[in-house]
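1. mind looking at a prediction? Sequence and model below.
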Amino acid sequence: MKIFFAVVIGLVILSCQKKEETKKEYLIAYNVFAPDSIHPNNYEVMIMKMDGSEKKNLTNHKDVAWTYYAYNDRLFFISDRDTAYRNYFLYEMNPDGENIRKVSNLQLEDSWMGGRNGGKELIVAGRIGKSVRCQLFIVNTKTGSYNQITNDTSAIYRDPCFSPDGKQIVFAYQKNKRDRSAHEELYIMNDDGSELKQLTTYPAENPSVKDFGYKAGPPRWHPTENYITYISKQDGKHNIFAVTPDGSKQWKLTDSKENEGWHDWSPDGKWLVYDSANVDESQYHIMLMNWETKVVKQLTDTTYQYNQAPVFVEIN
């Protein structure tokens, strides 16, 4: 009888867990170049359902707005509204475009970012005045205060992302920004800036070694599997690659005939969303992959030429 009740209780728990999993719903926010809408250099933040329906322009502003990160239903974006052209600051809004607020007075680079502690802290690439450029800061999203964690102005730090436990930061790093022969690689360090370690090494013999494009682009940490994904242009086109957090293994994650680029993982790790472009990169689309089945669906049409940099927004 005890075994019977244990089995029943176990089935109830599994049923509850399954219901909890199926409750997760996501929207996809992304960026479009919309030069005819309000301003010749206008970028807007859009949002849509995971089947590509109900697309909506969230910003409708003459600024250059670009989203790189969302925590649950808090959609963060950079914008040059209220200041000079392409002088970016951090803002956030609801998934319906309401309640826009400026988060911090720290000026930002045009860079990806990541969050931890329930969205209370973001890791960003920012600048102070004319002398401090492309350094990493942790921003308190409630107070707007920030803490600079790198201080090497000869180097470029970009596109930072926290590890799932928030204790490490992975980012693109170029040691000497004045060395035109050098390029960025992915590095990892503790959240206090200590124990800097190189993760990726671009293959020197690759035919694309002198091409314009990412050698190791914006990293995203898979939320449930122990690897980091990034963009790299190799053999003539951009694809998504992966590396283990200790740098011991690098591999090509996807292999489409098209270019693959900026991407994001759903918080449950079950979906990969990315932008994809044709060979001459004249048309970008948002693509959604079921990570288990590897089935890919195109979510955008040709209304906009550039549909780019998608991020997941959790709505429950």
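-> Thanks, I have the structure now. Numbers count the residues shown, from 1 in each chain.
2. what about the helices in this structure?
-> With DSSP state H, the ranges of helices along the chain come out as 2-22.
3. any stretches of it with poor pLDDT?
-> 1-23, 37 (pLDDT under 70).
4. burial count for residue 163?
-> If you count neighbours by other Cβ atoms under 10 Å, residue 163 ends up with 18. To be clear about C-beta, it is placed using only N, CA and C from the backbone, and glycine gets the same treatment.
5. ah, wrong one, I meant residue 179
-> Using other Cβ under 10 Å, the number of residues around residue 179 comes to 10.
6. and the gap between the nearest residue to residue 151 once chain neighbours are set aside and residue 111?
-> In this structure, residue 151 finds its nearest non-sequential neighbour in residue 135, 6.6 Å apart by Cβ to Cβ, 6 or more residues apart in numbering. Between residue 135 and residue 111 the computed distance is 11 Å (Cβ to Cβ, to the nearest Å).
7. now do the contacts for residue 240.
-> Residues in contact with residue 240, defined by Cβ atoms under 8 Å, 6 or more residues apart in numbering, are 229-231, 252-254, 260-261, 263, 272, 274.
8. hang on, the earlier thing: and the residue nearest to residue 151, bridged to which residues?
-> Counting by DSSP bridges, residue 135 is bridged to residue 126.
9. isn't it right up against residue 127?
-> Yes - in this structure, residue 135 is within contact of residue 127 by Cβ atoms under 8 Å, at 7.1 Å.
10. wait, isn't residue 239 in contact with residue 232?
-> Yes - using Cβ under 8 Å, residue 239 is in contact with residue 232, at 6.8 Å.
11. more crowded one of the two?
-> Using other Cβ under 10 Å, the more surrounded residue of residue 239 and residue 232 is residue 232, with 24 against 19.
12. find the nearest non-adjacent residue to residue 148, please.
-> Leaving aside its sequence neighbours, residue 148 sits nearest to residue 137 (Cβ to Cβ, 6+ apart; 5.2 Å).
13. tell me how far the one you found lies from residue 260.
-> 29 Å.
14. how many neighbours does the residue nearest to residue 151 have?
-> 20.
15. now swap in residue 71 and tell me
-> The local packing of residue 71 (other Cβ under 10 Å) involves 22 other residues.
16. what sits against the residue nearest to residue 224 when sequence neighbours are not counted?
-> Excluding its sequence neighbours, the residue lying closest to residue 224 (Cβ to Cβ, 6+ apart) is residue 269, at 3.6 Å. Residues in contact with residue 269 (Cβ under 8 Å, 6+ apart) are 222-225, 291.
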